[in-house]
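Asker: Any chance you can model this:
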Amino acid sequence: MSDIGDWFRSIPAITRYWFAATVAVPLVGKLGLISPAYFFLWPEAFLYRFQLLMIPLIMSVLYVWAQLNRDMIVSFWFGTRFKACYLPWVILGFNYIIGGSVINELIGNLVGHLYFFLMFRYPMDLGGRNFLSTPQFLYRWLPSRRGGVSGFGVPPASMRRAADQNGGGGRHNWGQGFRLGDQ
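Answerer: Reported below is the predicted structural model:
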């Protein structure tokens with residue numbers, strides 16, 4: 001039994017509480033201690049009680065993860081495999097096919113893209129100012145490495161640094177593609 005306890009204490013705090021909640025919440029609902037209706041996000045509850053939009057939040061985190069791990073191969077339904085950078089769009093398309101609203105997925109992808117651009121692309125590739133930074137107290141409370149587990153992904157390599165190393169002067173023309181005669 002101590003092996004399970006040691007394992008549980010060794011995982012990062014957020015993951016530990018998330019895992020505990022995924023076990024406890026269905027159990028509480030199944031035992032009838034709390035009505036399962038309280039676990040759903042109802043539009044009326046959001047509009048009148050200002051509940052957090054969970055789907056866009058999850059989609060924005062997924063979008064950032066997918067961009068940081070863009071070349072990783074992921075599996076979707078029925079063994080479909082593709083690069084992680086396409087995962088948010090595959091989920092959006094799948095939700096559209098099964099008849100769901102894609103507004104939440106679009107909002108999540110937009111917020112994720114905006115965060116990714118402001119956090120990584122704009123400062124690294126375009127040499128712009130860093131508008132976003134993680135507060136230091138979060139690093140103290142939630143260290144990046146604990147129990148052999150670390151990180152959310154690797155920040156993308158800067159196109160600017162790669163161009164400087166290749167003698168490109170740090171400028172990359174994104175709109176110009178390969179033309180015949182360029183060799």
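
Asker: Next one: the closest residue in space to Val90 that isn't next to it in sequence, what pLDDT does it get?
Answerer: Distances taken as Cβ to Cβ, 6 or more residues apart in numbering place Phe76 nearest to Val90, at 5.9 Å, with adjacent residues excluded. For every residue, glycine as well, the C-beta is placed using N, CA and C. According to the prediction, Phe76 has pLDDT 87.

Asker: burial measure for Phe76, as a count.
Answerer: When counting by other Cβ atoms under 10 Å, one arrives at 13 neighbours for Phe76.

Asker: For it, give me its contacts.
Answerer: Counting by Cβ atoms under 8 Å, 6 or more residues apart in numbering, Phe76 touches 82, 87, 90, 94.

Asker: Give the buried subset of those residues as a ChimeraX selection command.
Answerer: Burial among those is assessed by 16 or more other Cβ atoms under 10 Å; the matching ChimeraX selection reads:
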select :87
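
Asker: Would you mind giving the contacts of Phe76 as JSON lines with distance to Met124 added?
Answerer: Below are the contacts of Phe76 laid out as JSON lines (distance: Cβ to Cβ, whole Å):
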{"residue": "Phe82", "distance to Met124": "25"}
{"residue": "Leu87", "distance to Met124": "22"}
{"residue": "Val90", "distance to Met124": "26"}
{"residue": "Phe94", "distance to Met124": "32"}
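
Asker: I'd like the secondary structure assignment at Gly127, please.
Answerer: Here Gly127 is coil, with the state taken from DSSP: H, G, I helix; E, B strand; the rest coil.

Asker: Next, find the distance separating it from Arg16.
Answerer: Distance of Gly127 to Arg16, given as Cβ to Cβ, to the nearest Å: 39 Å.

Asker: Check Leu138 too.
Answerer: In terms of Cβ to Cβ, Leu138 sits 16 Å off from Arg16.

Asker: quick one, helices of this structure?
Answerer: 2-10, 13-30, 43-49, 54-68, 87-97, 103-116, 122-125, 136-141, 159-165 (DSSP state H).

Asker: among these, which gets the worst mean confidence?
Answerer: helix 159-165 (a mean of 52).

Asker: Of Leu138 and Arg16, which one has the most company?
Answerer: Arg16 (13 against 9).

Asker: And the nearest residue to that one once chain neighbours are set aside, how far from Phe116?
Answerer: Nearest residue to Arg16, sequence neighbours excluded (Cβ to Cβ, 6+ apart): Phe8, at 6.4 Å. Distance of Phe8 to Phe116, computed by Cβ to Cβ: 32 Å.

Asker: and what of Lys30?
Answerer: Taking Cβ to Cβ, one finds Lys30 at 38 Å from Phe116.
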